[in-house]
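[1] quick one: sequence plus predicted model below, questions after.
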Amino acid sequence: MFDPSKENSPLVCLIDDDLSVRESLSNLLRSAGLNIETFSSAEEFLASARLEALACLLVDVQLPGITGLDLQQRLLSSEIKIPIIFLTGHGDIPVAVRAVKAGALEFLTKPFDDEYLLETIRSAIARYSVSRQTPASNAQEPAWGSSRTNGVSKAPQREPEIILSAHPSEVGKTAEFGGIIGQGRAWRQIVAQIDIVALTDATVLVLGETGTGKELIARELHRHSLRRAKPLVRVNCACIPRELYESEFFGHARGAFTGAVRDRIGRFEAAAGGTLFLDEIGEIPLDLQSKLLRVLQEKSYERVGEDKSRTAEVRLVAATNRDLQQEVAAGRFREDLYYRLNVFPIRVAPLRDRKEDIALLATHFIEIAVKELGCPRPRLTRAGTETLLNYDWPGNVRELCNVIQRSVIFAQGGALEFDLVMGNQPRDPSFSRPANGDDDNAEYLTEAEMRRRERENLFVVLQKTGWKIKGVDGAAELLGVRPTTLASRIEKLGLRKPD
């Protein structure tokens, strides 16, 4: 615990226009022994803050008047070097990431818990307090610093560090739409479409590649509808044997066919009053599509082996990864059924077209993996995030979730590493073949040239980190490799720290 009665007790300033955020974080930081001053705007901070005593700055990105990013630029232009922790909502993350790429060490995008925020502040203050001591050889660790700051004194002085965490008031926005996680234009468009159509009984057709989350959209449509107190029934049309489609959809009477030993209700009846979700509807055989079309047109059906008509009182949501217009043109899907389904289409973009959502989805899946697998919380580094952004994700969100789970298990509480070279290669224009297919003039590197470039790159990183290999700001984490792997590579290349 910090002791605020000591003269060297660190001063932290918080800038946020939300009074509840200022009060809650003030109580948290004071309970941890920190001196804390709060401001409702950047202008108020600049007019009255004790900059000479400031050890760390917590600032909301979106502020009235001078924004958090504008304030950062003002401090930089005035050569005031203070570690900055941005408290940001999901929609602000792309802006903050651009600031990080301008020279910050790393960023965190997951919603913070109290201990994680305090540890982030401790690490930032320790790094800053050491960098201010001169000469460097006389630098000492602060008495209150945590053990995770060991070796920071060896690191070169840096620009203000920017760490991203979710603003507490923004967490509910993601929860409102369940598992539909995002922040970009594609996500906002889907949320807007759900808002528009959910309260109606219109048929919805969800279109998108495998793994993009079509079932999640069906769930959210039901959850925001007037039918939410009634069942949501899912049918995977790709898994039903051809001869059982009618029975699966409409049910059957006892004795209707061999093996029908009792009456059975169908999925339309099971979903009465609620929502029926027909997943992979493009897999229904052509000759059976007319039976589904009749139900949609007449709102009635009969069980197999019965003459009694029953009312289909359901809201229908269908999904497919096929291009149904092409299927119609090829004669594999009925045109009249397509028009019956395509009342309100929702297109789900593939993950490769939603790069702005990848970091947010990754941190969401990390939280889930930590809870479900019981693994220690790992770190998503800047290098790890770049690896995720540079991959094409042929399996979309489902593949990302699986990759995160596997990496969390291997990380054992350390930095996450992603080996994505085994699958589809990331698209890299620099490695594309010439348009004419002639590779005779293509550039290439000899083995010696490749080793020389690798050696030069590694030397630059080691110089940047003060030859620190392990830790949050070590060379291994910047390069996205294990410390043992990096140490072996350094020895193999014969690199030595200059005198």
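    Received, thanks.
[2] residue boundaries of the strands in the stretch 101-250 of the chain?
    For the stretch 101-250 of the chain, the strands defined by DSSP state E, counting those that start in this stretch cover 162-166, 204-207, 232-236.
[3] got a list of contacts for the second one?
    Contact with strand 204-207 is made by 197, 214, 217-218, 221, 316-321, 324, 341-348, as judged by C-beta atoms under 8 Å, 6 or more residues apart in numbering. For every residue, glycine as well, the C-beta is placed using N, CA and C.
[4] the same query, at a cut-off of 7 Å, please.
    Strand 204-207 has contacts (C-beta atoms under 7 Å, 6 or more residues apart in numbering) with 197, 214, 217-218, 221, 317-320, 341-342, 344-348.
[5] out of those, which sit inside helices?
    Mapping those onto helices (DSSP state H) picks out 197, 214, 217-218, 221, 341.
[6] can you redo those as CSV with neighbour count, pLDDT and distance to A253?
    As requested, the ones in helices among the contacts of strand 204-207 are exported to CSV (neighbours: other C-beta atoms under 10 Å; pLDDT from 0 to 100; distance: C-beta to C-beta, whole Å):
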residue, neighbour count, pLDDT, distance to A253
V197, 19, 94, 36
K214, 22, 93, 33
I217, 26, 93, 35
A218, 23, 93, 30
L221, 26, 93, 32
L341, 25, 95, 28
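[7] okay if I get these as CSV plus distance to W393?
    Converted to CSV, the ones in helices among the contacts of strand 204-207 look like this (distance: C-beta to C-beta, whole Å):
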residue, distance to W393
V197, 27
K214, 16
I217, 18
A218, 22
L221, 25
L341, 27
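[8] and those, which is closest to P285?
    The closest of the ones in helices among the contacts of strand 204-207 to P285 turns out to be L341 (C-beta to C-beta; 16.0 Å).
[9] any weak-confidence spans in the stretch 51-200 of the chain?
    Low-confidence segments of the stretch 51-200 of the chain, defined by pLDDT under 70: 88-116, 126-179.
[10] switch to 50 and redo it
    Residues of the stretch 51-200 of the chain meeting the criterion pLDDT under 50: 90-93, 101-110, 134-175.
[11] the most centrally placed residue in the chain: what's it in contact with?
    Most central in the chain under C-alpha atoms, centre = their mean is L361, positioned 1.6 Å from the mean C-alpha point. The neighbours of L361, taking C-beta under 7 Å, 6+ apart as the test, are 181, 397, 400.
[12] is it true that the second one touches T212?
    This points to V397. Yes: with contacts counted by C-beta atoms under 7 Å, V397 reaches T212, the gap being 6.1 Å.
[13] help me confirm that C56 is found in a strand?
    Yes: assessed with DSSP: H, G, I helix; E, B strand; the rest coil, C56 lies in a strand.
[14] how many other residues sit next to it?
    27 (other C-beta atoms under 10 Å).
[15] how much space separates it from N27?
    17 Å (C-beta to C-beta, to the nearest Å).
[16] okay, now the domains of the chain?
    11-171, 185-347, 355-438, 445-499 (automatic domain parsing).
[17] still on that earlier bit, what are the phi and psi angles of the residue nearest to the centre of the chain?
    phi -60, psi -40 (degrees, to the nearest 10).
[18] cool, and S78?
    Residue torsions, per degrees, to the nearest 10, at S78 are phi -90, psi 10.
[19] before we move on, what about L278?
    For L278, the backbone dihedrals (degrees, to the nearest 10) come out as phi -100, psi 100.
[20] low-confidence stretches in the stretch 351-499 of the chain?
    422-437.
[21] can you give me the helices for it?
    For the stretch 351-499 of the chain, the helices defined by DSSP state H, counting those that start in this stretch occupy 355-373, 382-389, 396-411, 447-464, 475-479, 483-493.
[22] residues of the fifth one that come out buried?
    Residues of helix 475-479 classed as buried under the neighbour-count rule (16 or more other C-beta atoms under 10 Å) are 475-479.
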